[in-house]
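Trainee: generate a structure from the sequence data that follows.
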Amino acid sequence: MEIGFWIIIVFLLLYEPILGYFHYQKFKKNVEVNENERIKYYTNTIIELWVPAAFILLLVGITDLTLKQIGLAIPKINTEVLGSWVTYIGLGLGLLYLILVLYYIIGYKFSDKIKQELLKKKEEELEKSDVSPILPITKKERKLWTYVSLTAGVTEEIIYRGFLIFGLGYLFPNLQIMIVVLISSVLFGLAHTYQGFTKGVFRTTIFGILFSILYISLGSIIPLILFHFLLDYIVKFGEENPKEQC
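Mentor: Model (predicted):
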């Protein structure tokens with residue numbers, strides 16, 4: 001089982017932070033001349049995310065690793081690991097953020113005011129970010145983006161929360177839990193090097209810390225899968241344009 005743990009950790013250190021970055025740079029050039037490049041990139045992303053996740057699930061099937069150990073369990077609040085203060089502050093922040101995300105997702109459908117507010121925030125974010133080429137434009141792209149979002153929600157929570165937190169604790173039993181949280185969150189952040197350091201690595205690391213606290217507090221990645229999906233799903237909302245019918 002230890003060999004399997006190390007394979008995943010080495011993969012996470014090398015593949016997304018390095019190869020993922022260069023793949024994205026190549027994509028940015030290609031998408032300027034090939035309108036089908038996003039579909040190809042989305043498809044490859046889905047496959048690339050499922051490879052390590054499927055390997056982890058394989059370890060569950062052939063080793064002593066269990067689904068519960070990688071977070072696939074019924075949620076239940078646990079204050080013993082992090083303490084009451086950290087647990088409930090983390091849960092409170094997570095709940096507030098979830099409410100905000102749902103506010104924009106639901107409001108986008110039913111309120112022009114909220115829709116314009118969301119689009120304005122999105123435009124401001126894109127001005128500071130390097131991810132605009134990846135965002136869906138056509139109906140076909142937006143439909144596939146839903147599957148990308150779902151894939152990211154499922155696989156990244158299995159990999160970076162459920163598996164990695166357990167795996168690091170297993171390999172390094174003397175590490176304090178917050179060190180484990182930090183390491184797993186930094187690896188999660190490094191998987192987003194293609195987005196740049198500030199908006200990609202740093203901000204995603206912060207999200208990783210919050211999600212790790214939520215996972216440890218709930219003992220389950222199932223709520224986080226839904227939360228993660230919604231965070232990625234909302235990105236596809238945008239103004240209609242002439243390509244929308246494609």
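Trainee: let me know the secondary structure of residue 136.
Mentor: At residue 136, secondary structure determined by DSSP: H, G, I helix; E, B strand; the rest coil is coil.
Trainee: other SSEs contacting the lowest-mean-pLDDT helix or strand in the chain?
Mentor: Each helix and strand of the chain was given a mean pLDDT (mean pLDDT, DSSP states H and E); the minimum falls on helix 112-127 at a mean of 86. Taking 3 or more Cβ pairs under 8 Å, 6 or more residues apart in numbering; DSSP states H and E as the contact definition, the neighbouring helices and strands of helix 112-127 are helix 84-110. In short, each C-beta sits where N, CA and C put it, glycine included.
Trainee: buried ones in the helix it packs on, by neighbour count?
Mentor: By neighbour count, and taking 16 or more other Cβ atoms under 10 Å as the criterion, the buried residues in helix 84-110 are 86-87, 90-91, 94, 98, 104, 108.
Trainee: cool, stretch 172-191 as well?
Mentor: So, applying 16+ other Cβ under 10 Å, buried residues of stretch 172-191: 177, 180-191.
Trainee: ok, so of those residues, who is nearest residue 203?
Mentor: Nearest to residue 203 among those is residue 189, at 7.9 Å by Cβ to Cβ.
Trainee: the closest one is in contact with residue 199, isn't it?
Mentor: No - counting by Cβ atoms under 8 Å, residue 189 does not reach residue 199; the two are 10.9 Å apart.
Trainee: all helices of the chain, in order?
Mentor: For the chain, the helices identified by DSSP state H occupy 2-14, 21-31, 37-62, 84-110, 112-127, 139-156, 164-171, 177-190, 203-218, 222-233, in order along the chain.
Trainee: now the ones you listed in a markdown table, with distance to residue 69?
Mentor: Rendered in a markdown table, the data for these read as follows (distance: least, Cβ to Cβ, whole Å):
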| stretch | distance to residue 69 |
| --- | --- |
| helix 2-14 | 11 |
| helix 21-31 | 31 |
| helix 37-62 | 8 |
| helix 84-110 | 20 |
| helix 112-127 | 36 |
| helix 139-156 | 17 |
| helix 164-171 | 5 |
| helix 177-190 | 14 |
| helix 203-218 | 12 |
| helix 222-233 | 14 |
